[in-house]
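K.L.:
everything below, folded, please.
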Amino acid sequence: MTSYTNGVRAGVRVPLRLPVLVQWKTQSGTPREARGKTWNISTNGLFIKAPVDLPHDTRITFTVELPADVTKIPVQLYGQGRVVRPPAGGVTSGIGAIIDQYELRRPDGQA
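P.N.:
The predicted model follows:
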């Protein structure tokens, strides 16, 4: 679990570059999506490098394609979260998000 001491993240972020689909709704309710790559993932958050900059607190759904050579079967990390920060660390555009819930599922939708 990530904890914060004096506003500094104490959890470990793992640098993973995996394909990801991000979906959200605009303020007017129009569905949108973008494809990108994860930049890093922790137990409760992730940063996605994608050609979008979403406002703070935007609710997102994400689907990360996990490598079959590691998982042995096709598996996706599917979850919901919310945007918590703008790009940082030399990344020009992307989404920093807290993960509110997630599950592993097969690409056919089965958990």
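K.L.:
OK, contacts around the residue nearest the centre of the chain?
P.N.:
Taking CA atoms, centre = their mean, the centroid of the chain lies closest to Leu46, which sits 4.6 Å from it. Contacts for Leu46 (CB atoms under 8 Å, 6 or more residues apart in numbering) come out as 38-40, 62, 64, 81, 96-97, 99. (Glycine included, C-beta is placed from N, CA and C.)
K.L.:
could you do Val83 as well?
P.N.:
Val83 makes contact with 54-58, 60, 95-97 under the criterion CB under 8 Å, 6+ apart.
K.L.:
and what of Pro107?
P.N.:
74, 76.
K.L.:
residue ranges with poor pLDDT in the protein?
P.N.:
1-11, 86-92, 109-111 (pLDDT under 70).
K.L.:
for it, just list every one of the strands.
P.N.:
With strands called from DSSP state E, the chain shows them at 4-5, 8-9, 19-25, 31-41, 45-49, 59-66, 75-85, 94-105.
K.L.:
how about the fourth one: buried residues?
P.N.:
Within strand 31-41, the residues scored as buried using 16 or more other CB atoms under 10 Å are 34, 36-41.
K.L.:
what's the neighbour count on Lys72?
P.N.:
Lys72 has 8 neighbours, counted by other CB atoms under 10 Å.
K.L.:
torsion angles phi and psi at it?
P.N.:
Geometry field for Lys72 lists phi and psi as phi 70, psi -20, criterion degrees, to the nearest 10.
K.L.:
so how far is Ser28 from the residue nearest to the centre of the chain?
P.N.:
As judged by CB to CB, to the nearest Å, Leu46 and Ser28 stand 26 Å apart.
K.L.:
residues making contact with stretch 72-79?
P.N.:
Against stretch 72-79 from outside (CB under 8 Å, 6+ apart): 61-66, 68, 99-107.
K.L.:
Leu16: which of these is nearest?
P.N.:
In terms of CB to CB, no member of these lies closer to Leu16 than Val64, at 8.3 Å.
K.L.:
beta partners of that closest one?
P.N.:
Each beta-bridge partner of Val64 is listed here: Val20, Leu77, as defined by DSSP bridges.
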